[in-house]
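In: please find the sequence and the predicted model below.
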Amino acid sequence: QVQLVESGGGLVQAGDFLRLSCAASAGPVSTATMAWFRQTPGKEREFVAGITWDSGRTNYADAVKGRFTISRDVTESIVYLLINSLKPEDTAAYYCALRWKSIVAIPVMPDEYEYWGQGTQVTVSS
């Protein structure tokens, strides 16, 4: 069993930046993929960015390309999400997810991931 703990959310102003962190209780195996999703009340959880643990290959949702950067620290078993130029529409609960099984393409559907963190709230004021 792996536990994921997110941190770094908060109340910020439009144009600011945030770096979210997700610490895994156990070091992901080389086949793992980790991702960030976000969710607002009444809406489906949506994929934001993903990264493969071994090679660091990344994938981003079109809506966040150019502003969001996902990265990982293999030594510390932490995944980061750097969010630049925050917009009010970025307001959401952000969740970290881990898929243990190997897969070619980075999954974008929530049910492809086996472990989830509790989420961290990001609120952007205009």
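Out: Yep, it's here.
In: so Lys101 versus Asn59, what's the distance?
Out: 17 Å (CB to CB, to the nearest Å). (Each C-beta comes from the backbone N, C-alpha and C, glycine too.)
In: the two: which is more packed in?
Out: Asn59 (18 against 12; other CB atoms under 10 Å).
In: so which strand or helix has the more buried one?
Out: Assessed by DSSP states H and E, Asn59 sits inside strand 58-60.
In: pLDDT (mean, whole number) over that strand?
Out: Mean pLDDT, strand 58-60: 97.
In: what are the pairing partners of that strand, and which direction each?
Out: Within its sheet, strand 58-60 is paired with strand 46-52 (antiparallel), according to DSSP bridges.
In: hang on, the earlier thing: got the angle between the helix or strand following the strand holding Asn59 and strand 46-52?
Out: Per DSSP H and E, the first helix or strand lying C-terminal to strand 58-60 is strand 68-73. Here strand 68-73 points in a direction 40 degrees away from that of strand 46-52 (axes from the mean of the first three to the mean of the last three CA atoms, to 10 degrees).
In: contacts for strand 68-73 next, please.
Out: With CB atoms under 8 Å, 6 or more residues apart in numbering as the test, strand 68-73 has contacts from 34-36, 48-51, 53, 56, 58, 60, 78-84.
In: let's see that with 10 Å instead.
Out: 19-24, 28, 32, 34-36, 48-53, 56, 58-61, 64, 78-85, 90, 106 (CB atoms under 10 Å, 6 or more residues apart in numbering).
In: circling back: ok, and what's touching the strand holding Asn59?
Out: Residues from elsewhere that reach strand 58-60 (CB under 10 Å, 6+ apart): 33, 35-36, 47-52, 65-72, 105-108.
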